[in-house]
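Undergrad: Structure here, sequence nowhere to be found:
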């Protein structure tokens, strides 16, 4: 790319707006939250599918996976 082309591109401004970046990031964040919420609902259903069952290794792994998803949301 020549210097004249670079200068022309610099003066013409970006080909995208700041608002479109913000909306795009908010869309991805909302999609991330929704998919994570569905995963948590599925895990909750798995953990409480048999309320008479004691906390076993399988249930403990579901609990750990749910905690990991919540930590992922918090750190996002």
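TA: Right, received. Where do you want to start? As the structure is a computational prediction, the values presented were derived from the model and not from experiment.

Undergrad: got any ranges where this structure has weak pLDDT?
TA: Applying pLDDT under 70 to the chain flags the ranges 1-24, 46-62, 76.

Undergrad: which helix of it spans the most residues?
TA: helix 18-47 (DSSP state H).

Undergrad: and that one, what other elements does it pack with?
TA: helix 57-75 (3 or more C-beta pairs under 8 Å, 6 or more residues apart in numbering; DSSP states H and E). From N, CA and C alone the C-beta is placed, and that goes for glycine too.

Undergrad: give me the number of residues near residue 36?
TA: Residue 36: 15 surrounding residues under other C-beta atoms under 10 Å.

Undergrad: ditto for residue 25
TA: Using other C-beta under 10 Å: residue 25 sits among 10 other residues.

Undergrad: Roughly how far does it sit from residue 69?
TA: 20 Å (C-beta to C-beta, to the nearest Å).

Undergrad: Please apply the same query to residue 39.
TA: In terms of C-beta to C-beta, residue 39 sits 6 Å off from residue 69.

Undergrad: Repeat that for residue 28.
TA: From residue 28 over to residue 69 (counting by C-beta to C-beta), the distance is 17 Å.

Undergrad: Which one of the two is surrounded by more residues?
TA: Neighbour count, other C-beta under 10 Å: between residue 28 and residue 69, residue 69 has more, with 16 against 10.
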